[in-house]
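Asker: need the 3D shape of this:
(one chain, ligands or ions: 2)
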Amino acid sequence: MSKNKSSECVKVVVRCRPLNRKEESNGPAGGIVQMDLKLGQVILRNPRAPPCEPLKTFTFDAVYDANSKQRDLYDESVRPLIDSVLDGFNGTIFAYGQTGTGKTYTMQGAWMDPEKRGVIPNAFDHIFTHISRSQSDKQYLVRASYLEIYLEEIRDLLDPNHANTRLELRESPETGVYVRDLTSCVCKSIKEIEEVMNMGNQARAVGATDMNEHSSRSHALFLITVECSQPGPDGRKHIRVGRLNLVDLAGSERQAKTGVHGERLKEAAKINLSLSALGNVISALADGRSGHVPYRDSKLTRLLQDSLGGNAKTVMVATLGPAPQHYDETLTTLRYANRAKNIHNQPRVNEDPKDALLREFQKEIARLRAQLNHRKWRNKHKKDGDVWDRDGDEDTAGEEDYEEKDAEDYMTLEEQRLELEKEAIRGDRFLLAEEKQRLLGEKERMMGDLRKEQEATEQLTAKYKAMESKLLVGGKNIMDHTNEQQKMLEIKRHEIAEQTRNEREIQQQMLIQDEETLELRETFTSLQQEVEAKTKKLKKLYAKLQCIKTEIKDVNDEHVRSRQELEQTQNELTRELKFKYLIIENFIPPEEKNKIMNRLTFDPEEDQWKFQPLVQSESKSSQMKKRPSSAVGYKRPITQFARVAMTMGPRTRYRAENVMLLELDMNPLNISSPDRYSESDPSQSPSQDSSPSKDRGVCKSTSWCQSQKSLKSSSSNGSLVACQTPAVAQ
Ligand code: ADP
Ligand code: MG
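Answerer: Ligands and ions are numbered 1, 2, ... in the order given. Below you'll find the predicted structure:
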């Protein structure tokens, strides 16, 4: 069964929800899904097929019918996985199925109702109960994060600004693929972690109202990291890190079916992309022959890389609806789930990873404790070396049980002492007033120092306590579980679940063996009997052959269907591409387009095109184009218009196009005085005069602009005067 010693298969369980009210009212057809709980089989009836067509049977690790309880699924299929996570393995549970089949119900459920709590809240109970019951030499640190993948973008649901921030995926040899800058909340109790979950759910719920059916279009991942430190035989503390991914996938139905356009189409394409990427990854892994597994095709598959074929134990919960109208989707889900059974993972304990947060916490706590001890030592020294008589109320407590009270005592005594000294100074009649003032000031300063010291110690103690409280220590009752019977009940339940699982496995194996060995045991007394037996067998095999043939036909049909859908999506996208291309080709100047294209580079990590910075490095900055220098004596370069005007001479027909220009051009000397040089250095005006093109009216562009400006601001009448003067002159 297993490829190597540490390899194990992905566990696949199937759950079917009850018919809902709408489906019940649709007709008397009833459900199309039957389940054999003992054998772990799902039997699917095709409502459109003739009654003689054989039913489709699939076998799984466990099946849960409409009457199944949340608790049953948890105890039998999830509990062992969470136990492994607590031992330092990576674990993943993901719910897969069509929208409305109970993915969220299975993962979340109604967490307020103990009967309807889903996998996630039950896992909270499990983890914290385990910690409270573990040995007292174990220290735990529990962290939680919550994210969603929407339109191939990762959003942090615990970040209030999540709608505007996009997170990136990174890979490290230690932790595998992870999300950079993802919020991670340290949780000390069930209540705290539930708050984290609610916060994230609310962030999702906001999306649901804003974006219409958002929840079914995004994948949600709740991540719990449990770090446990325990002294090993070598006397050193060893840390194990278990990571648990709880995944509620988007609805698996084909979104493209609905004939969507624009944004919706993009959305559908992306959802289909991630789910078909997941399907491709599962197929590649289940096949076992293809060397390349396309994890990089979507963010979802990259995040689940370890969970599918890597270092993790994985449980897949495939959810079904029993209604006849969803036969196709149900069959697809079952096929998908059936394929996933063949994926081999290689789980291993994550021992002493470099990035364990628990180690950092322990170091920080040790540092704070050392600081506090140092303060204590200093205070004690001061106390011991004190000449001031304190009526023998010396604290004789041992060095170890230094408490805040001790520190407080010391501080109050010191304060009292300083107050008394101040009083004594005030009452001393032999001291000069100046001297008195100085001494009192000194005491005041000492008092201030003392208070500062006290505040610093308080802060340090608070920080120390806060840090320490985040570490959960085994053997302490985090919750009230005085009831030993409850504990026993849980153990019994666990045992029963284990037994049911074993029984089912044995039955499944027996069934397979029976089929293989039945004929071997048969001995025939007569030819007639042999013919009968063989005919029977032939019939059986023929039925099997028919089943496989229909299966092949179904798979082919499905393949054609999905290809058609993909082609349709491709056509829509091509049309959109052509539209964009048309705009670019016709409305963006080619040189601008080239400039942009030269700056673009593709980032395969993020699967996006990115702009390179305009100025790449300091050394290149010198190569930047300088602003063209203007001809001597002119404020700016001569425009093309001015150049044309120069070559055309003063009497061109173009001059009529700008009356102002024409007017101003008549007498440049007139304009220069009020407008340009009146307030500045008058010595500059001769330079205008000495301009080589003065006579040809080169300065007209400058004059025109300035006149325009001054007209607009109507701050200077000079330009108006300038406009009018030549006219008068004319
Ligand atoms: P999904 O997340 O797959 O889109 P939901 O979990 O939201 O579907 O389930 C849709 C509805 O069906 C909900 O009202 C839920 O309460 C109900 N439901 C799903 N599974 C079950 C079940 N096993 N038992 C009872 N009700 C269920
Ligand atoms: Mg849902």
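
Asker: hey, let's count contacts and neighbours off CA atoms from now on
Answerer: Noted.

Asker: what about the residue in the stretch 401-550 of the chain that ligand 1 sits nearest to, how many neighbours?
Answerer: Ligand 1 sits closest to Ala497 of the stretch 401-550 of the chain, with a gap of 18.8 Å, by C-alpha to the nearest ligand atom. Residues near Ala497, counting by other C-alpha atoms under 10 Å, number 20.

Asker: element containing it?
Answerer: Per DSSP states H and E: Ala497 is located in helix 484-521.

Asker: tell me the buried residues in that helix?
Answerer: The neighbour-count check on helix 484-521 (16 or more other C-alpha atoms under 10 Å) flags 493, 497, 501, 504-505, 508 as buried.

Asker: quick one: those as TSV, columns for pLDDT too.
Answerer: Converted to TSV, the buried residues of helix 484-521 look like this (pLDDT from 0 to 100):
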residue	pLDDT
Arg493	82
Ala497	85
Arg501	87
Arg504	88
Glu505	88
Gln508	84
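
Asker: check those and tell me the two furthest apart.
Answerer: Arg493 and Gln508 (22.6 Å; C-alpha to C-alpha).

Asker: which residues in the stretch 251-400 of the chain form strands?
Answerer: 313-320, 344-345 (DSSP state E, counting those that start in this stretch).

Asker: quick check: which of those strands is nearest to Ile552?
Answerer: Between Ile552 and the strands of the stretch 251-400 of the chain, the shortest separation by C-alpha to C-alpha is 22.2 Å, and it involves strand 313-320.

Asker: coming back round to it: distance from the chain centre to the helix holding Ala497, please.
Answerer: 39 Å (C-alpha atoms, centre = their mean, to the nearest Å).

Asker: which strands and helices lie in contact with that helix?
Answerer: Of the remaining helices and strands, none touches helix 484-521 by 3 or more C-alpha pairs under 8 Å, 6 or more residues apart in numbering; DSSP states H and E.

Asker: flag the shaky bits of the stretch 1-150 of the chain, pLDDT-wise.
Answerer: Scanning the stretch 1-150 of the chain with the threshold set as pLDDT under 70 gives 1-5, 27-30.

Asker: mind redoing it with 90?
Answerer: The model of the stretch 1-150 of the chain has pLDDT under 90 over residues 1-8, 19-31, 38-39, 45-57, 72, 99-100, 110-115, 129-130, 132-138, 149-150.

Asker: interface residues of it facing ligand 1?
Answerer: With C-alpha under 6 Å from any ligand atom as the criterion, the stretch 1-150 of the chain comes near ligand 1 at residues 17-18, 66, 98-105.

Asker: from those residues, which would you call buried?
Answerer: Applying a neighbour-count criterion of 16+ other C-alpha under 10 Å, the buried members of those are 17-18, 66, 98-99, 101-105.

Asker: of these, which belong to strands?
Answerer: Judged by DSSP state E, these include no members of strands.

Asker: now these in CSV, with distance to Arg426?
Answerer: Formatted as CSV, those follow (distance: C-alpha to C-alpha, whole Å):
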residue, distance to Arg426
Arg17, 86
Pro18, 88
Ala66, 88
Gln98, 86
Thr99, 83
Thr101, 84
Gly102, 81
Lys103, 79
Thr104, 76
Tyr105, 77
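
Asker: check the chain and tell me which residue is nearest its centre.
Answerer: Leu147 (3.9 Å; C-alpha atoms, centre = their mean).

Asker: SS state for that one?
Answerer: Recorded secondary structure, Leu147: strand (DSSP: H, G, I helix; E, B strand; the rest coil).

Asker: so what's the residue count around the residue nearest to it when sequence neighbours are not counted?
Answerer: Of all residues beyond its chain neighbours, the one nearest Leu147 is Asp156 (4.6 Å), with distances taken as C-alpha to C-alpha, 6 or more residues apart in numbering. Neighbourhood size, Asp156 [other C-alpha under 10 Å]: 27.

Asker: phi and psi next, for Asp156.
Answerer: phi -90, psi 110 (degrees, to the nearest 10).

Asker: and Glu530, that's in a helix?
Answerer: Yes - checked against three-state DSSP, Glu530 lies within a helix.

Asker: now it: how far from Gln513?
Answerer: Counting by C-alpha to C-alpha, to the nearest Å, the gap from Glu530 to Gln513 is 22 Å.

Asker: and if you look at Gly40?
Answerer: In terms of C-alpha to C-alpha, Gly40 sits 16 Å off from Gln513.

Asker: what does Lys553 give?
Answerer: The gap separating Lys553 from Gln513 is 29 Å, by C-alpha to C-alpha.

Asker: any idea of the mean pLDDT for the helix or strand Met446 falls within?
Answerer: Here Met446 is covered by helix 433-470, with elements defined by DSSP H and E. Averaged across helix 433-470, the pLDDT comes to 82.
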